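K.L.:
when you get a sec, could you give me coordinates for this:
(one chain, ligands or ions: 1)
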Amino acid sequence: MLGRHPWVFSGAIDSVGSELEPGDIADVVASDGRFLARGMVNTRSQIVLRLLTWDEAELVDAAFWENRLRRAASLRPPSDAARMVHAESDGLPGLVADRYHDHWVLQVSAAGIERHKTDIVRAIARSFSPRGIYERSDVDGRDKEGLPKRAGLIEGEEPPELFTVQERTHDARSVALLVDVRNGHKTGTYLDQAESRRAVAARANGADVLNLFSYTGGFALHAAHAGAKSVINVDSSAEALALSERAAAENQLSSRISHERANVFDLIRTYRDEGRTFDIVVCDPPKFASGAAQVDKAARAYKDLSRLAFGLVRPGGYLATFSCSGLVTADLFQKIVWSASAEARRDAQIVGRFAQSPDHPVLLAFPEGEYLKGLLVRVL
Ligand code: SAH
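P.N.:
Residues are numbered from 1 along each chain as shown. Predicted coordinates:
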């Protein structure tokens with residue numbers, strides 16, 4: 001508790017008041033009765049408590065939620081879209097809130113937040129006057145908290161069918177991304193990769209780019225905007241590729257962006273057999289490890305992918321390779337990429353490191369909040 005980590009597991013607690021219901025606010029006290037912290041209880045979860053404050057005088061009332069939300073929002077510079085609340089890392093365990101223009105989209109993954117949702121929604125409405133507040137709490141993990149999945153409008157206006165979000169480019173201009181908050185991944189798009197897209201694009205002038213696991217084409221739009229000669233987006237999702245095609249057209253970049261609907265693992269073997277090569281390969285797969293038991297298998301999948309991707313990079317070219325599995329640490333990931341390079345018989349040097357964009361901060365006391373890592377590697 002002294003480390004101010006926001007999670008308390010059942011083993012760390014002697015007893016929980018029998019009257020406490022999931023989501024109730026409760027104090028944690030030492031055996032001598034001393035106040036330690038205050039948080040949200042859920043005896044149905046392995047995480048019995050999600051702590052909100054270590055200050056006995058700080059009550060969890062309407063003003064509390066408003067203060068936390070305003071504190072979080074003050075980190076985010078104005079933009080079309082941003083993660084406004086990054087859960088534990090913003091002192092609001094179990095709450096993600098993304099903003100697209102004047103609409104907020106919430107993702108609730110803890111019983112305590114669910115219980116106080118009305119207060120939180122009121123605080124958002126009062127502090128930020130959004131047009132609408134929508135919910136995408138259809139995430140895995142809700143069941144561990146005893147919560148059903150839910151998605152839909154909470155308050156105000158329905159979000160438009162598609163948002164057009166201008167994302168800042170490496171040269172301080174912008175590209176338009178299309179975001180479907182009802183059906184898209186996460187709350188509609190991968191805001192966490194905005195910074196990486198700019199960093200990759202900075203090397204993309206004149207390049208042939210292969211964008212593996214492209215989703216709606218964020219990396220491709222940035223690379224083509226930066227002058228890439230050609231970009232191939234590869235994804236298994238027809239919906240994602242359809243949005244990517246529309247976005248390429250809206251940005252007048254269609255002539256240099258093409259699309260392949262395929263399983264990446266198969267397609268890169270085909271490309272290898274055909275001897276195709278690229279100046280830049282971006283490899284941004286979905287999360288492979290969601291539990292400790294899956295880390296080994298995930299590590300093998302990351303290595304296979306990176307090995308095959310290395311084989312497609314021309315000498316002097318770049319591989320931008322990512323992992324969004326929190327359980328695969330940056331250290332481990334670097335080792336994986338190293339062994340992939342060795343198996344591919346390539347010498348390569350790290351010329352850049354990627355992390356989630358700054359609107360996804362990491363609380364020092366909660367290193368688990370740092371989930372996205374990547375390496376920009378130059379093949380010699
Ligand atoms: N780079 C993207 C985000 C990628 S998310 C961005 O910047 O927005 C991961 C993507 O991988 C999803 O779009 C998903 O549809 C796709 N995907 C998952 N498994 C796949 C597979 N085996 N082959 C191809 N695409 C896959």
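
K.L.:
using the three-state scheme, assign Ala249.
P.N.:
Counting by DSSP: H, G, I helix; E, B strand; the rest coil, the backbone at Ala249 sits in helix.

K.L.:
that one and Arg168: what is the separation?
P.N.:
21 Å (Cβ to Cβ, to the nearest Å). In this view, the C-beta of every residue, glycine as well, is placed from N, C-alpha and C.

K.L.:
do His5 as well
P.N.:
34 Å.

K.L.:
what does Ser127 give?
P.N.:
Distance, Ser127 to Arg168, using Cβ to Cβ: 25 Å.

K.L.:
how about Arg314?
P.N.:
Using Cβ to Cβ, which is the criterion applied here, Arg314 is 29 Å from Arg168.

K.L.:
these two - which one has more neighbours?
P.N.:
Neighbours around Arg314 and Arg168, counted as other Cβ atoms under 10 Å, are more numerous at Arg168. The numbers are 17 against 14.

K.L.:
any idea which helix or strand comes after the helix or strand containing Ala301?
P.N.:
Under the criterion of DSSP states H and E, Ala301 resides in helix 295-311. Elements were assigned by DSSP H and E; along the chain past helix 295-311, the next helix or strand is strand 313-323.

K.L.:
neighbouring strands for that next one, and are they parallel or not?
P.N.:
Here strand 313-323 has these sheet partners by DSSP bridges: strand 278-283 (parallel), strand 373-379 (antiparallel).

K.L.:
mean confidence score for it?
P.N.:
Averaged over strand 313-323, pLDDT sits at 98.

K.L.:
try stretch 34-45
P.N.:
Per-region confidence: stretch 34-45 scores 95 on mean pLDDT.

K.L.:
got the end-to-end distance for that stretch?
P.N.:
25 Å (Cα to Cα, to the nearest Å).

K.L.:
again with stretch 162-172
P.N.:
24 Å.

K.L.:
also stretch 271-284?
P.N.:
End-to-end for stretch 271-284, by Cα to Cα: 18 Å.

K.L.:
for that stretch, the distance to its chain's centre please.
P.N.:
Centre-to-centre, stretch 271-284 and its host chain are 25 Å apart (Cα atoms, centre = their mean, to the nearest Å).

K.L.:
got a list of contacts for that stretch?
P.N.:
With Cβ atoms under 8 Å, 6 or more residues apart in numbering as the test, stretch 271-284 has contacts from 193, 200, 203-204, 206-213, 215, 219, 223, 228, 264, 305-306, 308-309, 311-314, 316-322, 324, 374.

K.L.:
buried residues of stretch 24-39, list them for me.
P.N.:
Asp24, Ile25, Ala26, Val28, Ala37, Arg38, Gly39 (16 or more other Cβ atoms under 10 Å).
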